[in-house]
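Colleague: could you look at this predicted model? Sequence included:
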Amino acid sequence: MTELQKLRKQLREAVANYMRSEGCSCCRDSDQHERNKEVLAKLLNVPKYEDGSGYDFSKYRSEK
């Protein structure tokens, strides 16, 4: 398995886990959601906010 294939496999799994932990506020698994967000941020090299409160995904959003 090439490095690219390994990365794609990790990303697919991370996105699938993140999507599963999403949901409406009444049924969302907030703790798991935060752990999944951290995994995605690390895989995608997303920097933390300056205050360390989370990961700044907003830098990579599509234009509306």
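Modeller: Now that the structure is in, tell me what you want to look at. Numbers count the residues shown, from 1 in each chain.
Colleague: which residues sit against the strand or helix carrying M19?
Modeller: Assigned by DSSP states H and E, M19 falls within helix 3-21. Defining contact as CB atoms under 8 Å, 6 or more residues apart in numbering, one finds that helix 3-21 is touched by 1, 28-29, 32-33, 36-37, 39-40, 43-44. For every residue, glycine as well, the C-beta is placed using N, CA and C.
Colleague: can you pull the buried residues of stretch 32-41?
Modeller: The neighbour-count criterion (16 or more other CB atoms under 10 Å) identifies 33, 36-37, 39-41 as the buried residues of stretch 32-41.
Colleague: gap between the helix or strand bottoming out on mean pLDDT in the chain and the chain center?
Modeller: Lowest by mean pLDDT, DSSP states H and E among the helices and strands of the chain is helix 3-21, with a mean of 87. The offset between the C-alpha centroid of helix 3-21 and the centroid of the whole chain comes to 9 Å, using CA atoms, centre = their mean, to the nearest Å.
Colleague: any buried residues in it, and which?
Modeller: When neighbours are counted by 16+ other CB under 10 Å, the buried residues of helix 3-21 are found to be 14, 17-18, 21.
Colleague: downstream of it, the next helix or strand is which one?
Modeller: Taking DSSP H and E as the definition, the helix or strand right after helix 3-21 is helix 30-43.
Colleague: next, the angle helix 3-21 makes with that next one.
Modeller: Going by axes from the mean of the first three to the mean of the last three CA atoms, to 10 degrees, helix 30-43 is angled at 160 degrees with respect to helix 3-21.
Colleague: which other helices and strands contact helix 30-43?
Modeller: Contacting helix 30-43 under the criterion 3 or more CB pairs under 8 Å, 6 or more residues apart in numbering; DSSP states H and E are the following elements: helix 3-21.
Colleague: OK, contacts around G23?
Modeller: For G23, the contacting residues are D29, taking CB under 8 Å, 6+ apart as the criterion.
Colleague: where does this structure dip in pLDDT?
Modeller: Across the chain, the stretches falling below the confidence threshold (pLDDT under 70) are 64.
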